[in-house]
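> Just to be clear, the model below is a prediction. Sequence and coordinates:
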Amino acid sequence: MPKMKSKSSAKKRFTLTGTGKIKRKKAFKSHLLTRKETKQKRNLRYSTTVDKTNKKSVKNMLAI
């Protein structure tokens, strides 16, 4: 059986950390930024980890 291919969109969006967690960027930071509070935009800057409920599906997309 051939190797599983990873989804190209997932490769662009997620990265693995050294401890095996999956890093992702936060949503709602792409457009319509004039109506959002500065505090909200500041908190959207930083990356976070994928929740444990979505971890399995993201790992399948990355073919890990």
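Great, that's in hand.
> Tell me where this protein has helices.
8-13, 38-43, 52-61 (DSSP state H).
> And the pLDDT at the most centrally placed residue in the chain?
With the centre of the chain defined as its mean C-alpha position, the nearest residue by C-alpha atoms, centre = their mean is Arg24, 2.5 Å away. Arg24 is assigned 97 on the pLDDT scale.
> I'd like the distance between it and Lys41.
Between Arg24 and Lys41 the computed distance is 18 Å (C-beta to C-beta, to the nearest Å). (C-beta placed from N, C-alpha, C; glycine too.)
> The residue nearest to Gln40 when sequence neighbours are not counted: neighbouring residues, count only.
In this structure, Gln40 finds its nearest non-sequential neighbour in Phe28, 8.0 Å apart by C-beta to C-beta, 6 or more residues apart in numbering. Using other C-beta atoms under 10 Å, Phe28 is surrounded by 11 other residues.
> Settle this for me: Phe28 is touching Asn43, isn't it.
No - contact status for Phe28 versus Asn43: not in contact, 10.3 Å apart, counting by C-beta atoms under 8 Å.
> ok, Thr48 - contacts?
Shown in contact with Thr48 (C-beta atoms under 8 Å, 6 or more residues apart in numbering): 23-24, 26.
> for Leu16, same thing?
Applying C-beta under 8 Å, 6+ apart, the residues near Leu16 are 22-23, 62, 64.
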